[in-house]
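>>> Prediction below, plus the sequence it came from.
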Amino acid sequence: MTADLHPIDVDLNDGTTIPQLGYGVWRVPDDEAQPAVEEALRVGYRLIDTAAIYGNERGVGRAIAASGIAREDIYLTTKLWNADQGYDTTLRAHEASLKRLAVDTIDLYLIHWAAPPLGKYVDTWKALVHLHEQGAVGSIGVSNFHAPHLQEIIDATGVTPVLNQVECHPYLQIEQLRAWNAAHQIATQAWSPLGAGKGMLEDPVLTEIAERRDATPAQVVLAWHIAQGNVVIPKSVTPSRIAENWAALAVQLEPEDIDAIEGLERGERTGGNPDTADYAGPTPE
Ligand SMILES: NC(=O)c1ccc[n+]([C@@H]2O[C@H](COP(=O)([O-])OP(=O)(O)OC[C@H]3O[C@@H](n4cnc5c(N)ncnc54)[C@H](OP(=O)(O)O)[C@@H]3O)[C@@H](O)[C@H]2O)c1
């Protein structure tokens, strides 16, 4: 059943596209990343989201190589870690990610956090612009940037990120930032789209909609993201959930469901605030 489902391709501002539903691998150890990503690819996912700090780029690369799927049919995202921010360090970190992933090109390279206290995101963005101009990366974007950070890098380079990957789910709907992104042709990609396994899926509003629509709460939440126009990258290492999340593509919500989910907003973050977060720690080898 799931083999017949296809997410739409979302247009990006550099003329490329990205699948609207993908698969994320935060907190998946390197040796578990290969079977997990292989399973996701088998189910139908073609967008894989990793990061240097996840320490699993090698496992992701092994899964891509073992999948038998042509490299150009898989959309691969990785992210530059905070410790590597800065112009020259970014160029070196990009090379290191390519080596670990064992690929020639990354489809989407993101600055993982603006990390304003470091004061380096403008130089870091200039390095990503350089990589893109050289044809070394497919597309460039950011993660965990708020509007003032985005405006600053756009003003400094004239180049607008294709995408901003930020925390977003029914308890943190970031309506203003999504509107700002959209007004600037920046796609919004939702991280922790299911609320990171912290109980949101048991919310009675979500379980009630799920029952009415013959779906699961996770599927309802993913269908809501898709209806909002978000690009979305749920993570699961559980094969049944990997398939369940993909099957959300077949779930149809009605306007009253969307209204009810809108009412769940409570400004509740599961992760850091992009204005202040400057997570330290070295990039894994
Ligand atoms: N840019 C950033 O700073 C940033 C930050 C966080 C995340 N991300 C990206 O976004 C991806 C997704 O975010 P996330 O991993 O934090 O959280 P998430 O996708 O919202 O939730 C993952 C959790 O939900 C569980 N789960 C998955 N599908 C489920 C289902 N159908 N029913 C019930 N539970 C389900 C998973 O359990 P099992 O795995 O045990 O099945 C896991 O505990 C990450 O993997 C990463 O790629 C980026």
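Arrived safely. Residues are numbered from 1 along each chain as shown.
>>> Can you tell me how far the residue of the stretch 51-200 of the chain found nearest the ligand is from V205?
Going by Cβ to the nearest ligand atom, the ligand is nearest to G197 of the stretch 51-200 of the chain, at 2.8 Å. C-betas here are computed from N, CA, C, even on glycine. As judged by Cβ to Cβ, to the nearest Å, G197 and V205 stand 18 Å apart.
>>> who touches the residue of the stretch 51-200 of the chain closest to the ligand in this structure?
Neighbour list for G197: empty [criterion: Cβ atoms under 8 Å, 6 or more residues apart in numbering].
>>> Next up, phi/psi of it, please.
With angles defined as degrees, to the nearest 10, G197 sits at phi 70, psi 20.
>>> same deal with L21?
Per-residue torsions, L21: phi -120, psi 130 (degrees, to the nearest 10).
>>> Ok, the one 10 residues further on next?
Dihedral angles phi and psi of D31 (degrees, to the nearest 10) take the values phi -70, psi -20.
>>> Show me which residues of this structure are close to the ligand?
Selection of the chain residues close to the ligand by Cβ under 6 Å from any ligand atom yields 24-26, 49, 112, 143-144, 165, 191-197, 201, 216, 218, 233-238, 241, 244-245, 271.
>>> In strands only, show me these.
Among the residues of the chain next to the ligand, the ones falling in strands (DSSP state E) are G24, D49, S143, Q165, W191.
>>> what sits against the closest residue to the ligand within the stretch 1-150 of the chain?
Using Cβ to the nearest ligand atom, the single residue of the stretch 1-150 of the chain nearest to the ligand is G24, 2.4 Å away. Listed by Cβ under 8 Å, 6+ apart, the contact set of G24 reads D49, T50, W191, I233, P234, K235.
>>> who's in contact with the third one?
Neighbour list for W191: G24, W26, S143, Q165, V166, E167, C168, I233, G271 [criterion: Cβ under 8 Å, 6+ apart].
>>> do the same with the second one
When the contact criterion is Cβ under 8 Å, 6+ apart, the partners of T50 are G24, V25, A33, N56, E57, V60, L76, T77, T78, K79, L101.
>>> Disregarding flanking residues, what is the spatial nearest neighbour of the third one?
Right, A33. The spatial neighbour of A33 that comes closest, neighbours along the chain excluded (Cβ to Cβ, 6 or more residues apart in numbering), is G59 at 2.9 Å.
>>> The fourth one too?
Excluding the flanking residues, the one nearest N56 by Cβ to Cβ, 6+ apart is A33, at 3.9 Å.
>>> re the thing from before, give the buried subset of the residues of the chain next to the ligand as a ChimeraX selection command.
Only the buried entries of the residues of the chain next to the ligand go into this ChimeraX selection, using 16 or more other Cβ atoms under 10 Å:
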select :24,25,26,49,112,143,144,165,191,192,193,194,195,196,201,216,218,233,234,235,236,237,244,245,271
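>>> Poorly predicted segments of this protein, please.
Scanning the chain for pLDDT under 70 picks out 1-3.
>>> for it, what spans make up the helices?
30-43, 57-67, 87-101, 121-133, 147-157, 175-183, 204-212, 217-228, 239-246, 255-262 (DSSP state H).
>>> so how far is the fifth one from its chain's centroid?
The reference is to helix 147-157. 20 Å (Cα atoms, centre = their mean, to the nearest Å).
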